[in-house]
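Peer 1: Next one to model:
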Amino acid sequence: MTNPYQQAFETSLKDPVAFWGEAAQGIHWDKPWDKVLDDTHAPFYRWFVGAETNTCYNAVDRHVADGRGDQAAIIYDSPVSGTKRIITYTELQDQVSRLAGGLAGLGVTKGDRVLLYMPMIPEAVIGMLAAARLGAIHTVVFGGFAPSELATRINDAAPKVILSASCGIEGSRVLPYKPMLDQAIDLSAHKPGHTVIYQRPQAVADMKAGVDLDWTELTAASEPHACVTVKATDPLYILYTSGTTGQPKGVVRDNGGHMVALKWTMSAIYDIKPGEVFWAASDVGWVVGHSYICYAPLLHGATTVVYEGKPVGTPDAGAFWRMIAEYKVSALFTAPTAFRAIKREDPDAKLLQQYDLSSLRTLFLAGERSDPDTINWASSNLKVPVIDHWWQTETGWAIAANCMGLHQFPVKPGSPTKPVPGWGLEVLDESHQPCEPGKVGSLVVRLPLPPGALVTLWNADQRCHDSYYSEFPGYYKTADAGYIDEDGYAYVMARTDDIINVAGHRLSTGAMEEVLASHPDVAECAVIGVADQLKGQLPLGFVCLKAGVSKSHEQVIKEVVQLVRERIGPVAAFKTCTVVARLPKTRSGKILRGTMQKIADNQDFKMPATIDDPAILDEIEESLESVGYAKARKEAGQ
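Peer 2: The predicted structure is shown next:
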């Protein structure tokens, strides 16, 4: 007998038009579609062609019209600033529509770009929704990115207006945003017409007359603006993700398909009902923040949480438990890193005993591979299902998950369970043939991708094709390696490119290498991702110095670490680097980063057949020992 999951999965692949056409009934359309799926420009498929709608209307106004105006839309809790606010759907409608009116007064119209550089405050969500209300395209940049990184995104998206705040707060440290924003604008060729600054009392920004506008004053002086109807296929947002060339890729998401998919996931994957509290403990700068802080909960009529703080230290390792108890959170979605930090500070979960967590039904983990220790610790202490699920910036929502609203499967630690309906996940070998169960290969998704996945890359169709569709014709390349077992459970083992996962943040080691290579004393370099118990992975650098460098190794390392911090930002977590005489390479000159990573992580490895000089690996091992890696290998007599 087939369960609801199996039935949904099979229908979604055999008849995606019927499956997603039915799911689309959960969305309000100003004009229905002519066609559910347009495949005339494959692999660039389009969903709900001919339909017209507005994402902000579906996320806000619709619920007010349906009688949910007095329900909490956003719970804002900021232990770092001592601030708490509840924003109802009616209040959210007023604030969003007035900001939209202010933006319209600055000339923002349908198709224009609005860039947000914001901390975790409700205004970040309000800004996204205000852009969507006007049919403008928003692009959110994580509030910790360095000016040079922000500048590349300003140049690429060419925003008409930038929305920002005077500062962010990282733990006990106040981080002024305005100087970084000003520097980024100075560095960029494109100049926005205006910047709108939300002043926070922790660090009030200096304003430039005629360019910088006060957020509060602008909205107070503006009339509410109605929702602008857009095509379902029009872009909703651009979200930049790390590119292997150092040039970020702007993932484009549409309006119609995005809404249909995300609203469907709230019940099918997360088993959340309208009116319940859903908390994604992430940041609006990342894809999780877009999908599950801003859009999905609000499209579903649920209550979302905007939390400005850390899992530990704000004030202690019981921060998450306080939030769940205080706001009656039904489901928590966070990265395994958060739970590793909590476990390290409070291994016996004594703080957890102080709170009533009876409202919590499920914990969802994503952003990096969840290790069995973390899953077991969380499930034994919380006594609720702990669900690992796997997705990417490009996909917008989960490729594989235990779909709690359809059918709960037994958890296999280390696996994100089964492909979600809509995702034709397969494993292919080097000859592009299907792998047998249990055999590792390239994880790919048969086209068409479901609604809500990337439509293309901003102003870069060819790059999109080359990055995701060219290597495996008829498939989307996830660039992850893994396997599917005999029970249909997926396992994600490793990246197949140079993207590493630091606390759920996808970062390019290639981009870091470009920064190291720019140092005047560095002749050659490599960056690898090494295993870290807390953050999943951390970057580790190797630099070969130019001949005649008189500086100490310590000084050069200090300088390159600072350089990465300036160019990419603290989010890179680049702190460890070692000076080596040479790097291991193949005879064709390719650096053997994978072998270096295995040595660092104390994993067994075969001597690469194409290595130029095997003796270099002993030198690398000694160098790694000097910075605290590879020691266990020597102790084990390997």
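Peer 1: and the closest residue in space to Thr576 that isn't next to it in sequence, what is it in contact with?
Peer 2: Leaving out its chain neighbours, the residue that sits closest to Thr576 by C-beta to C-beta, 6 or more residues apart in numbering is Leu540, at 5.0 Å. Placement of C-beta: from N, CA and C, glycine included. Residues near Leu540 by C-beta atoms under 8 Å, 6 or more residues apart in numbering: 527-530, 576-578, 600, 627, 629.
Peer 1: nearest to Tyr237, of those?
Peer 2: Comparing these against Tyr237 with C-beta to C-beta picks out Gly529 as the nearest, at 28.0 Å.
Peer 1: if you skip the residues just before and after it, what's nearest to the closest one?
Peer 2: Per C-beta to C-beta, 6+ apart, closest to Gly529 is Ile500, 3.2 Å.
Peer 1: didn't the one you found look like it was pressed against Ala511?
Peer 2: No - if you go by C-beta atoms under 8 Å, Ile500 and Ala511 don't touch, sitting 10.7 Å apart.
Peer 1: With neighbour numbers in mind, choose between the two.
Peer 2: Using other C-beta atoms under 10 Å as the criterion, Ile500 and Ala511 rank with Ile500 on top: 26 against 23.
Peer 1: Could you verify that the more buried one is part of a strand?
Peer 2: Yes - according to DSSP: H, G, I helix; E, B strand; the rest coil, Ile500 belongs to a strand.
Peer 1: got a list of what it touches?
Peer 2: 506-509, 528-529, 537, 539.
Peer 1: and the residue nearest to Thr576, that one's in a helix?
Peer 2: No - going by three-state DSSP, the assignment for Leu540 is strand, not a helix.
Peer 1: With adjacent residues omitted, what lies nearest to Ile75?
Peer 2: Closest to Ile75 by C-beta to C-beta, 6+ apart is Val305, at 4.9 Å.
Peer 1: Tell me how many other residues crowd the nearest residue to Pro570 once chain neighbours are set aside.
Peer 2: In space, and not counting its chain neighbours, Pro570 is closest to Gly144: 5.7 Å by C-beta to C-beta, 6+ apart. Look at Gly144: counted by other C-beta under 10 Å, it has 21 neighbours.
Peer 1: how many neighbours does His432 have?
Peer 2: Neighbour number of His432 under other C-beta under 10 Å is 14.
Peer 1: now the nearest residue to it once chain neighbours are set aside: how far from Ala460?
Peer 2: Nearest residue to His432, sequence neighbours excluded (C-beta to C-beta, 6+ apart): Phe472, at 6.1 Å. Distance, Phe472 to Ala460, by C-beta to C-beta, to the nearest Å: 20 Å.
Peer 1: One more: Val312?
Peer 2: Taken as C-beta to C-beta, the span from Val312 to Ala460 is 40 Å.
Peer 1: So the two - more neighbours on which side?
Peer 2: Val312 (20 against 17).
Peer 1: Help me confirm that Phe19 is found in a helix?
Peer 2: Yes - counting by three-state DSSP, Phe19 is found in a helix.
Peer 1: which residues touch it?
Peer 2: Here Phe19 is in contact with 8, 11-12, 421-422 (C-beta under 8 Å, 6+ apart).
Peer 1: pLDDT value on the residue nearest to Pro570, please?
Peer 2: In this model, Gly144 is scored at 73, pLDDT.
Peer 1: Then the one 4 residues further on?
Peer 2: On pLDDT, Ser148 comes in at 88.
Peer 1: domains of this structure?
Peer 2: 4-309+389-477, 499-635 (automatic domain parsing).
Peer 1: Can you lay out those as CSV showing distance to Tyr491?
Peer 2: Output for the domains of the chain, formatted as CSV (distance: least, C-beta to C-beta, whole Å):
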stretch, distance to Tyr491
domain 4-309+389-477, 5
domain 499-635, 16
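Peer 1: looking at those domains, which has the lowest confidence?
Peer 2: Among the domains of the chain, domain 499-635 scores lowest, with a mean of 85.
Peer 1: So what's the gap between that one and the chain middle?
Peer 2: Taking C-alpha atoms, centre = their mean, to the nearest Å, one finds the center of domain 499-635 at 25 Å from the center of the full chain.
Peer 1: my guess is Phe605 meets Gln597, correct?
Peer 2: No - between Phe605 and Gln597 there is no contact under C-beta under 8 Å: 9.1 Å.
Peer 1: which one of these two has more residues nearby?
Peer 2: Gln597 (20 against 15).
Peer 1: need the contact list for the nearest residue to Gly628 once chain neighbours are set aside.
Peer 2: In space, and not counting its chain neighbours, Gly628 is closest to Thr576: 8.0 Å by C-beta to C-beta, 6+ apart. With contact set as C-beta under 8 Å, 6+ apart, Thr576 has these partners: 538-541, 627-628.
Peer 1: if you set the cut-off to 10 Å instead, what comes out?
Peer 2: Counting by C-beta atoms under 10 Å, 6 or more residues apart in numbering, Thr576 touches 530, 538-541, 557, 561, 624, 627-629.
Peer 1: which of those residues lies closest to Thr393?
Peer 2: Distances from Thr393 to the contacts of Thr576, taken by C-beta to C-beta, are shortest for Pro539, at 18.6 Å.
Peer 1: In a markdown table: the contacts of Ile500, plus secondary structure.
Peer 2: Shown next, in a markdown table, are the contacts of Ile500 (three-state DSSP):
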| residue | secondary structure |
| --- | --- |
| Arg506 | strand |
| Leu507 | strand |
| Ser508 | strand |
| Thr509 | helix |
| Ile528 | strand |
| Gly529 | strand |
| Gln537 | strand |
| Pro539 | strand |
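Peer 1: okay, the residues you listed in TSV with neighbour count next?
Peer 2: Listed next are the contacts of Ile500 as TSV, based on neighbours: other C-beta atoms under 10 Å:
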residue	neighbour count
Arg506	17
Leu507	25
Ser508	24
Thr509	25
Ile528	26
Gly529	23
Gln537	24
Pro539	24
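Peer 1: Greatest separation within those: which pair is it?
Peer 2: Arg506 and Ile528 (15.3 Å).
Peer 1: ok, Met512 - how many residues close by?
Peer 2: With other C-beta under 10 Å as criterion, Met512 counts 28.
Peer 1: The strand or helix carrying Ala261: how far from the chain's middle?
Peer 2: Take DSSP states H and E as the rule and Ala261 turns out to sit in helix 256-268. Here helix 256-268 is found 17 Å from its chain centre; the criterion is C-alpha atoms, centre = their mean.
Peer 1: Which neighbours in the sheet does the helix or strand following that helix have, and how are they oriented?
Peer 2: Downstream of helix 256-268, the first helix or strand assigned by DSSP H and E is strand 277-280. Using DSSP bridges, strand 277-280 pairs in its sheet with strand 303-307 (parallel), strand 329-334 (parallel).
Peer 1: Take the ones you listed and write them to a markdown table, including mean neighbour count.
Peer 2: Formatted as a markdown table, those follow (neighbours: other C-beta under 10 Å):
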| stretch | mean neighbour count |
| --- | --- |
| strand 303-307 | 25 |
| strand 329-334 | 24 |
